[in-house]
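Peer 1: For reference, the sequence and a predicted model appear below.
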Amino acid sequence: MLGPPLLAFAIVYLASLVALFISSFWAVDPFTTEIVRHWNLDNYRTIFQSSAYRTIALRTIGIAAAVTLTDAVLAFPFAYFMARIARPRSRAVLFVLVLLPLWSSYLVRVYIWRLILNENGVLNWTLRKLGLPAAHLAYSNWAVWLTFSYVWLPFMILPVYGALERIPESLVEASRDLGAKSFQTFRRVVLPLALPGVVAGSIFTFALTLGDYVTPMLAGGSSSQFIGNVVYGSVGIANNVPFAAAFAAIPLAVMAVYLLIARRMGAFEAM
Amino acid sequence: MTRITRAHVLVALVAAALCVPAAGISSGNGLPTTIGKGEGQLNLVAWEGYTQPQWVKPFQNATGCQVHAKYAGSSDEMVTLMRQGGGSQYDMVSASGDASLRLIYGKDVQPVNPALIPDFKNFIPALQSPPHNTIGGQHYGISLQWGPNTLIYNTTKVKPAPTSWSALYSAKYKGKVTVPDNPIQIADAALYLSKTNSSLAIKDPYELNQKQFDAAVSLLKGQKPLIKKYWALASDEIDLFKNGDAVIGASWPYQTNTLVAAKVPVKDLIPKEGATGWADTWMLSAHAKHPNCAYQWLKWVSTPKVQAQQAIYFGETPANTKACAVMDKLSKGSAAQYHCGASAAYFDSIKFWKTPVADCGNGQKNCMDYTKWQQAWTQLKG
């Protein structure tokens, strides 16, 4: 039963990853931009020696981490309310509210943030009405961070909700019976049991941010290039597929390490 | 598999020549001498604003060739698109001078026969066989339009009105500046330096030795903190000006026209240092699947009316001198505004985009080639 899908997975997914990895050791002829199949490490050397590419890789990983942290902080209280406080009816309403943005196109949601943040946008209009100074957030890394945090939030809420819902009420009661205060119960019973859910959600938010190039392109400013933008430019503008493959190997390596850590924290049981 | 290769076309031509000797097909140099029946489709790579419904729809109705256009944001992207998938995905490209030679020497485009384009003889002399699309007497495409890259500014926010490109390099409009996301921007910096720093002795902004190149790049590095966004598509720049995120920048006349039509208070000018510019050519892919529709398109876009429509829509100058009268009919004064039928002196005053190569033209080979330009631009943007 599992055979055919596994085979498809192996061919479509793993084989293309292997092809990506192999082509990252090739080069292109600078004039004709034809791929030259002779093995070399030049692409990786360029990436590690050039400060620009290093900055881009660190910026990508840094913003992905910031987005993950933001979403975890925002999602936890929301999911906690949904799972343990809300009544079944309002819980259903909250579910719809979480999922509703996913019904609209990703691009629409990114452009919405552009409209909110730009110089004459909703945010500055409101600030001006309140007599506050205008904010200059549009087309910056702040805008990229805000947009990502908004767009990926549902992917954090759902696994955290799942983990919180599965905590048996009896454990919380037992903790209380043994004399723990509510905060103590939260910190020593609820939080550790919910942590795998947070880590599971973080896999989504971190991986999705790491691989994106549309939001930095649309919402970003003069220093907002992500790894994905360099890959996109290398393929679509410079026609240098081997270099793109080499740069694309970085998020792959980062994610491999991340998933190993996540597995040790029990994230895969919480999914 | 209905891919038509040149061999197929040749076999068909020979067969046709044998069967109907009276049809007038005799081409010593392999160029077609008649335009055959359209293939029903035409796939174009174009600059934004070059395939507007007002001239594409009548073309489709007249020829039955359905036009599919893909906008490209830079010359680099155009070259890449024309090479992707073996080069047969797109039939034609509206290449500027910094892409056309790369396409010719890369064997991505094929020669065309200007005798099949009736309006060709009405083109200004400088654009009939310009060095950026005619090599050894072979025409690799038909010239289209040309124009300068301009300085655009918001008239209510930028006072006094700028007269020099220095406005884009001074901190006065910090965080409100936008320039194209394109390595060829280095030439704009070099042009500015050629007028303001005589010790560098820059003669041609596309032929830069290491020292001149470093000076241009360092000028752009200093500009980076002032930049709100490097725009990739014309529509991005339009958004920036519409929403007040940018008040000054480097532009094409197309953005100014679109913004003025949307009642945004902007103006543009050619600053006193002069300007870089473009001269575009419709080129035919070496592996074009729809060559007859392509020739029909070349004929169509060269006619005075379409030339005038596109010139006014985009804000550029038509190659066809017969278009000037039509321009004034469509919009009074537009022929003079866009220098229609301009003198050779005006034409020569614009530094048209061309591909930087190592050969400096003075016998030395120590100029920075385009790969260096691209690398510097990537490093610069970070």
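Peer 2: Arrived safely.

Peer 1: Contacts only, for B:Lys195.
Peer 2: With contacts defined as C-beta atoms under 8 Å, 6 or more residues apart in numbering or on different chains, B:Lys195 is in contact with B:272-274. For the C-beta atoms, the positions are set from N, CA and C on the backbone; glycine is no exception.

Peer 1: between those residues, which is closest to B:Ala99?
Peer 2: When these are compared for distance to B:Ala99, the smallest value, 22.1 Å, is given by B:Gly274; criterion: C-beta to C-beta.

Peer 1: On the pLDDT front, check the closest one for me.
Peer 2: B:Gly274 is assigned a pLDDT of 93 by the prediction.

Peer 1: Show me what from the stretch 151-271 of chain A comes close to chain B.
Peer 2: For the stretch 151-271 of chain A, the residues found near chain B under the criterion C-beta under 8 Å from any C-beta of the partner chain are A:217, A:220-223, A:225, A:230, A:233, A:236-239.

Peer 1: returning to that earlier point: out of the contacts of B:Lys195, which are buried?
Peer 2: For these, burial is judged from neighbour counts taken by 16 or more other C-beta atoms under 10 Å in any protein chain shown, and it is met by B:273-274.

Peer 1: So which bits of chain B are right by chain A?
Peer 2: Applying C-beta under 8 Å from any C-beta, we find that chain B lies next to chain A at B:74, B:76-77, B:79-80, B:83-84, B:105-106, B:175, B:224, B:227-230, B:232, B:239-240, B:243-245, B:371, B:374, B:378-379, B:381-382.

Peer 1: Need the buried ones from those selected in ChimeraX.
Peer 2: The buried residues among the residues of chain B next to chain A can be selected in ChimeraX (16+ other C-beta under 10 Å) with this line:
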select /B:74,76,77,79,80,83,106,175,227,228,229,230,232,239,240,243,244,245,374,378,381,382
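
Peer 1: for whichever residue of the stretch 101-250 of chain A sits closest to chain B, helix, strand, or coil?
Peer 2: Of the stretch 101-250 of chain A, the residue with the smallest distance to chain B, taken as C-beta to the nearest C-beta, is A:Glu119 at 3.6 Å. Three-state call for A:Glu119 (DSSP: H, G, I helix; E, B strand; the rest coil): coil.

Peer 1: what's near enough to touch it?
Peer 2: A:Glu119 sits in contact with A:134, A:136, A:138, B:243-245, where contact means C-beta under 8 Å, 6+ apart.

Peer 1: ok, 10 Å please
Peer 2: Under the criterion of C-beta atoms under 10 Å, 6 or more residues apart in numbering or on different chains, the contact list for A:Glu119 reads A:134-139, B:176, B:228, B:240, B:242-247.

Peer 1: Mind pulling the model confidence for it?
Peer 2: At A:Glu119, the predicted lDDT confidence score is 89.

Peer 1: got the phi/psi numbers for the closest residue to B:Leu31 other than its chain neighbours?
Peer 2: Distances taken as C-beta to C-beta, 6 or more residues apart in numbering or on different chains put B:Asn113 closest to B:Leu31, at 4.0 Å, once the chain neighbours are dropped. Dihedral pair for B:Asn113: phi -100, psi 110, per degrees, to the nearest 10.

Peer 1: Quick one: the helices in the stretch 151-271 of chain A, in order.
Peer 2: If DSSP state H, counting those that start in this stretch is used as the criterion, the helices of the stretch 151-271 of chain A fall at A:169-177, A:182-185, A:191-211, A:214-219, A:227-236, A:241-264, A:267-270.

Peer 1: Just the buried residues of the second one, please?
Peer 2: Which is helix A:182-185. Using 16+ other C-beta under 10 Å as the test for burial, helix A:182-185 gives A:Thr185.

Peer 1: Show residues contacting it.
Peer 2: For helix A:182-185, the surrounding residues in contact (C-beta under 10 Å, 6+ apart) are A:171-176, A:178, A:190-191.

Peer 1: Output the residues you listed in CSV, with neighbour count and pLDDT appended to each entry.
Peer 2: Compiled in CSV, these are given as follows (neighbours: other C-beta atoms under 10 Å in any protein chain shown; pLDDT from 0 to 100):
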residue, neighbour count, pLDDT
A:Leu171, 13, 93
A:Val172, 18, 91
A:Glu173, 11, 93
A:Ala174, 13, 94
A:Ser175, 18, 93
A:Arg176, 14, 92
A:Leu178, 9, 94
A:Val190, 19, 93
A:Leu191, 13, 92
